[in-house]
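**Student:** What follows is a predicted structure for the sequence shown.
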Amino acid sequence: MTSRFQMVEYAIAYVGLLFMSGALNTFLAPQAATSAPLVQAMGAALGLYSILGLLAMRNATGRIFGLYWFALIPVVVAAASMGWTDNLSLSFRRSAGLGLSTAFALWLALRFTPKQLLGLVVAMAATVIAASFVVVMAAPSRGIHQAYDLFAEHHAGSWRGLFGHKNDFGRVASFAASLLMIGFVFRVGGPRLRWGTLALVVLAVFMISKSNSSQAILLVATVPASVLVLLSMRTMMPMTRTVVLISILPIVVIGVLSAQLIFEYVLGALGRDATLTGRTEIWEGVILALEGNMALGGGFGAGWEKVRPTIAALTGIDVGHAHNGFLDLAVDIGFVGLALTLTFLFSVGVMAFRSLMRGIQPEISTMALAVVIFSLIGNFAGSFLLLHNSIYWVLTVVAFVQLRDARLGYTPAFTSRRTAAYQSSRWHAA
């Protein structure tokens, strides 16, 4: 009976991860509309199941509010924004969605071991890549942008796989490639299936090139390479590692400060508009439009409604978001909320790096570093820093909880007593 119940929970976790990736949206709603009733119902069901699962776990509530409270701060800020939003209904739905997604992340982290979780995440990534390829080959009208599409007809010929837009597909595919590479490094699936993950990485890179998404190309070129560099540092002596970090730091700082120029260069090399298709003008307009709302924003999920008319008047461009995750989040919950979210993200990155160098939970540590690097780079031109149904937020919270537990000797619910005793002694010894 227990084994069957565990299999059911594995299935729920797997489907939930697929749902959070956005791969199911086009099947649940036309034009991948995330506000469609079926999408909302599935997100609510997943979150409510997770809450019930957490309530059924011994001392889970105490651990969440006593040990993992830092992960709840962005959720609290998003919920608090209902006090000053101009669209209470929308901010309530988005805040509730973020809360339910966070509950799902907490359930995953407390229910599964790091190796089990990595296996689930790699399975999700493999499904996204393989299924997207099948859709492109078997149903091109669905998997490839067409000239007769109602939206984005100017992207005709670009691959979008399971997703409604090529940029959404390219972003998830590039993230999946990083996860599959991590799965290969940590031998997920055993000797035979392990090489299949490497083949899927190659397929993902090929499909990203066919998506014509410059953002995805940049992400797949930088994130896996960055993760491999960090993995290679595990075998270095502390002094050597310090020298390498000191050598890399100026390059990273220069890269961050010149991120816009890097994007412009990549776009120019791809024959795209070197002004980021008007994004630089939009970014300037957002800063000006935020005057008076910079601290707290206009409400989670509803901030754009407040700044959109001003941006349209200033730039002559009518768009639905800033094409920049940092600015979009500032529009919603202000620079205060943005700073708190980034502080949490950076803290997860620092914790993951320290754990990886010490050999503590290397699977989750590596996945956490991939998510953090992906989020920091990707949000310069994309917008997914803190969404109400995002795989990136879910895995960030999962990593935070499991890395926190690793230092305290806690073990997930599926861990046997013998393994728990061994792990507890190991973590305390570390």
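**Tutor:** Received it, and whenever you're ready, just let me know what you need. Numbers count the residues shown, from 1 in each chain.

**Student:** burial measure for residue 104, as a count.
**Tutor:** 29 (other Cβ atoms under 10 Å). Heads up, the C-betas are built off the backbone N, CA and C, glycines and all.

**Student:** ok, the closest residue to it other than its chain neighbours - contacts?
**Tutor:** In space, residue 104 comes closest to residue 50 once its chain neighbours are excluded; the distance is 4.4 Å by Cβ to Cβ, 6 or more residues apart in numbering. With contacts defined as Cβ atoms under 8 Å, 6 or more residues apart in numbering, residue 50 is in contact with 100, 103-104, 106-108.

**Student:** Check residue 361 too.
**Tutor:** Per Cβ under 8 Å, 6+ apart, neighbours of residue 361: 114, 355, 402-403, 406.

**Student:** pLDDT score assigned to it?
**Tutor:** What the model reports for residue 361 is a pLDDT of 91.

**Student:** Which single helix of the chain contains the most residues?
**Tutor:** Ordering each helix of the chain by length in residues (DSSP state H) puts helix 325-358 first.

**Student:** Please point out which parts of it sit buried.
**Tutor:** By neighbour count on 16 or more other Cβ atoms under 10 Å, the buried set for helix 325-358 is 325-335, 337-338, 340-342, 344-345, 348-349, 351-353, 355-357.

**Student:** Confirm that residue 321 sits in a strand.
**Tutor:** No - counting by DSSP: H, G, I helix; E, B strand; the rest coil, residue 321 is not found in a strand; it is coil.

**Student:** Which single one of the contacts of residue 50 is nearest to residue 125?
**Tutor:** Residue 125 has its nearest neighbour among these in residue 108, at 15.1 Å by Cβ to Cβ.

**Student:** Leaving out sequence neighbours, find the closest residue to that closest one.
**Tutor:** Nearest non-adjacent residue to residue 108, counting by Cβ to Cβ, 6+ apart: residue 398, 5.3 Å away.

**Student:** Do I have it right that the one you found meets residue 116?
**Tutor:** No - between residue 398 and residue 116 there is no contact under Cβ atoms under 8 Å: 11.5 Å.

**Student:** okay, and for the stretch 151-300 of the chain, where does confidence drop off?
**Tutor:** 151-153, 241, 244-245, 248-279 (pLDDT under 70).

**Student:** residue ranges with poor pLDDT in the stretch 301-430 of the chain?
**Tutor:** For the stretch 301-430 of the chain (pLDDT under 70), the answer is 411-430.

**Student:** phi, psi of residue 159?
**Tutor:** For residue 159, the backbone dihedrals (degrees, to the nearest 10) come out as phi -80, psi 140.

**Student:** again but with residue 157, I slipped
**Tutor:** phi 100, psi -20.

**Student:** Regarding the residue nearest to residue 108, what is its secondary structure?
**Tutor:** Per three-state DSSP, residue 398 ends up helix.
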